[in-house]
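Trainee: predicted coordinates and the sequence they were generated for:
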Amino acid sequence: MKNACPQELALLEQLKAYDTPSVTNVVATYPEDKENCLGLYHPWQGQWYTDERLRCMYPELGRRAGFAVTCVYGLPDPGFTRLSFGDLLRAVDAAPGPAVVIVKQNFPQEIKRKNGLLGGNMMTALRSAGAVGVISDGPSRDVDEVRALGLHYMLTGVAPGHGPFALQAVNVPVEVCSMAVSPGEIVHLDENGAVKFPRQALGDVALRLERLAKVEARRQQMLRETSDVEQLARIMAGLYD
Ligand SMILES: O=C([O-])CC(=O)C(=O)O
Ligand SMILES: [Mg+2]
């Protein structure tokens with residue numbers, strides 16, 4: 001994968017000025033609005049953002065955006081011992097820019113629920129390799145320890161222990177909490193959840209975010225300035241956009 005150019009890095013920085021729901025708006029939420037929405041996915045069927053199972057452990061961290069590095073963890077298999085955590089670290093290091101690590105937990109459900117998979121050691125190593133956030137469709141642990149690291153920890157919950165597990169795959173397409181991600185896609189995340197879109201769309205997303213933010217700021221200013229419900233209804237219907 002090609003390293004991010006300075007312009008792409010600047011766009012990723014720019015994206016931090018906007019919340020994740022706004023990013024979903026310009027990516028695909030309103031396909032009929034051709035001016036502000038790119039319509040990249042079918043809004044309900046597209047598997048392009050995370051669902052209510054994903055919880056943000058550190059809402060105070062704000063927004064992050066980066067390139068997806070994916071992996072799959074499961075129960076140890078004596079017939080497949082080739083991969084180790086070092087391979088995930090190498091993949092994070094080889095990412096085109098800041099990495100959002102997507103961790104699929106491929107465990108039987110009863111084990112998955114009590115699998116405190118990631119922890120302070122792993123998260124410290126991932127941060128040093130270049131990660132700005134981790135998203136997993138299962139629990140993890142050491143939330144107190146990881147808090148100080150300043151990277152997003154988005155999980156379905158916490159569990160204090162785990163049994164043996166093994167890395168099954170690195171940089172393969174995965175689905176976590178309804179979001180299907182391929183390595184190298186852009187992932188934007190904050191306390192509302194995460195959304196993905198293709199790297200080539202970075203500029204288009206940034207442009208529309210700026211435009212939509214102006215429209216919404218103006219609309220909310222008008223909504224604050226009147227208590228006339230008919231006027232409120234007209235503003236909400238977009239008559240003054
Ligand atoms: O046992 C593990 O590998 C997970 C953990 O607690 C850590 O990374 O600190
Ligand atoms: Mg630990």
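Mentor: Thanks, I have it. Numbering: from 1, shown residues only. Ligands and ions are numbered 1, 2, ... in the order given.

Trainee: where do the strands of this protein begin and end?
Mentor: Taking DSSP state E as the test, the strands found in the chain are 55-56, 64-74, 99-106, 131-136, 152-155, 166-170, 174-176, 179-181, 186-190, 193-197.

Trainee: just the helices in this structure please.
Mentor: Assigned helices in the chain, in chain order: 6-15, 20-24, 85-93, 109-112, 120-129, 143-147, 202-224, 229-236 (criterion: DSSP state H).

Trainee: which among the ones you listed is found nearest to residue 56?
Mentor: Of all those, it is helix 20-24 that lies closest to residue 56, at 9.7 Å by Cβ to Cβ. The C-beta positions use only the backbone N, C-alpha and C, and glycine is treated the same way.

Trainee: what's in contact with that closest one?
Mentor: By Cβ atoms under 8 Å, 6 or more residues apart in numbering, the surrounding residues in contact with helix 20-24 are 15, 48-49, 63, 188-190, 192-195, 197, 205, 209, 212-213, 216.

Trainee: stretch 25-39 too?
Mentor: 40-43, 46, 48, 195, 197, 201, 204-205, 208-209, 211-212, 215.

Trainee: most neighbours of all those residues, which one?
Mentor: The most crowded member of the contacts of stretch 25-39 is residue 195, carrying 27 neighbours; neighbours defined as other Cβ atoms under 10 Å.

Trainee: got a list of what the closest residue to ligand 2 within the chain touches?
Mentor: Relative to ligand 2, the nearest point of the chain is residue 119 (3.3 Å; Cβ to the ion). By Cβ under 8 Å, 6+ apart, the contact list for residue 119 reads 140, 141, 142, 145, 146.

Trainee: quick check: phi and psi at it.
Mentor: phi -160, psi -170 (degrees, to the nearest 10).

Trainee: just to revisit the earlier point, considering the contacts of residue 119, which possesses the most neighbours?
Mentor: residue 140 (27 neighbours).

Trainee: thinking again about what came up before, between the contacts of stretch 25-39, which sits nearest ligand 1?
Mentor: If you rank these by distance to ligand 1 using Cβ to the nearest ligand atom, residue 195 comes first, at 27.3 Å.

Trainee: wait, what's in contact with the residue nearest to the spatial centre of the chain?
Mentor: When Cα atoms, centre = their mean is applied to the chain, the residue found nearest the centroid is residue 194 (3.3 Å). Neighbouring residues of residue 194 by Cβ under 8 Å, 6+ apart: 20, 49, 50, 54, 100, 135, 154, 179, 187, 188.
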